[in-house]
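Undergrad: Just the structure for this:
(one chain, ligands or ions: 1)
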Amino acid sequence: MYGIVNKAIESLVIESFGETKWHAIKESSGVDVDYFISNEPYDDSITYSLAIAVSEETGLSIADVFTAFGEYWVLKIGKEKYGSLFEAGGSNLKDFLLNLPSFHNRIMLIYPKLTPPEFRISDVRHNSMYVHYLSKRAGLKDFVYGLLQGLGKLYKTPVKLELINDRENGDHHEIFKVSWQ
Ligand code: HEM
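TA: Modelled structure (predicted):
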């Protein structure tokens, strides 16, 4: 994944636990990269190794690490660095989610070697919809959970999330039912 992802893990850890903890995590992850460069692609294994080391060094479960990272990605990285992309994506949660399937097309203009996730939307109701998540990568559903929770906070529309389908249970892809008031 692009370096911006690994850099975001680094800044989340430093903000939450301090520099010393980050150095311990980096050391125990075995990742041998001094500085991540945002627009350079790195092997996915680096991101997974960092997430595992964060879990081991903080005592948080891997699921909690990815959920926290998803929220941070939207509320800090996305909002502060790419606010205009969110504005273009929609002025409220429902519109943003309806536009989510094409969101990473714009991001590919910035990061051309992106391997983006795929999102599909179905079962749209007044205050809920199904968000389908399809990925070439494994193990990131908790990241998506955190991203969706972060979007609810960003748009000041708290969400209820239910995992309807799960690749771990043999389903083809994850489906989240997202509901709000
Ligand atoms: C401005 C905001 C965003 C930026 C700049 C961004 C950028 C990126 C980047 C650089 C990656 C790494 C992929 C790679 O390097 O191949 C990524 C992955 C991903 N993004 Fe985004 N993203 C943004 C917002 C979102 C939102 C709002 C969602 C969903 C609600 C989302 C869902 C994901 C997921 C699930 C992945 C993991 C890739 C996979 O599943 O294979 N992103 N994004």
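
Undergrad: and Lys177, backbone torsions?
TA: phi -90, psi 120 (degrees, to the nearest 10).

Undergrad: list the contacts for the closest residue to it other than its chain neighbours?
TA: Spatially, and ignoring its direct neighbours in sequence, Lys177 is nearest to Glu162 (4.4 Å; C-beta to C-beta, 6 or more residues apart in numbering). All C-beta spots, glycine's among them, are computed from the backbone N, C-alpha and C. The contact partners of Glu162, taken as C-beta atoms under 8 Å, 6 or more residues apart in numbering, are Phe176, Lys177, Ser179.

Undergrad: Which of these are buried, as a ChimeraX select command?
TA: Here is the ChimeraX selection string for the buried members of the contacts of Glu162, based on 16 or more other C-beta atoms under 10 Å:
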select :176,177
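
Undergrad: Which residues does stretch 113-122 contact?
TA: Applying C-beta under 8 Å, 6+ apart, the contact partners of stretch 113-122 are 1-2, 41, 97-98, 100-101, 103-105, 107-108, 129-137, 140, 144.

Undergrad: Write out the residues of the chain neighbouring the ligand.
TA: 1-2, 4-5, 41, 74, 78, 82, 85, 100, 104, 107, 111, 114-115, 117, 135-137, 140, 143-144, 147-148, 151 (C-beta under 6 Å from any ligand atom).

Undergrad: Strands - which of the residues you listed land there?
TA: Among the residues of the chain next to the ligand, DSSP state E puts none in strands.

Undergrad: Now Ala138: phi and psi?
TA: Torsion angles, degrees, to the nearest 10, at Ala138: phi -110, psi 160.

Undergrad: Next up, the contacts around it.
TA: Ala138 touches Arg167, counting by C-beta under 8 Å, 6+ apart.

Undergrad: out of the contacts of stretch 113-122, which are inside helices?
TA: Judged by DSSP state H, these include Leu97, Leu98, Leu100, Pro101, Phe103, His104, Asn105, Ile107, Met108, Val144 as members of helices.

Undergrad: Would you mind measuring from the residue positioned nearest the centre of the chain to Lys113?
TA: Residue closest to the average C-alpha location in the chain (C-alpha atoms, centre = their mean): Gly70, at 3.7 Å. Using C-beta to C-beta, to the nearest Å, Gly70 is found at 22 Å from Lys113.

Undergrad: Asp123 too?
TA: 33 Å.

Undergrad: who's more crowded, these two?
TA: For Asp123 versus Lys113, the count of surrounding residues by other C-beta atoms under 10 Å is larger for Asp123: 12 against 9.
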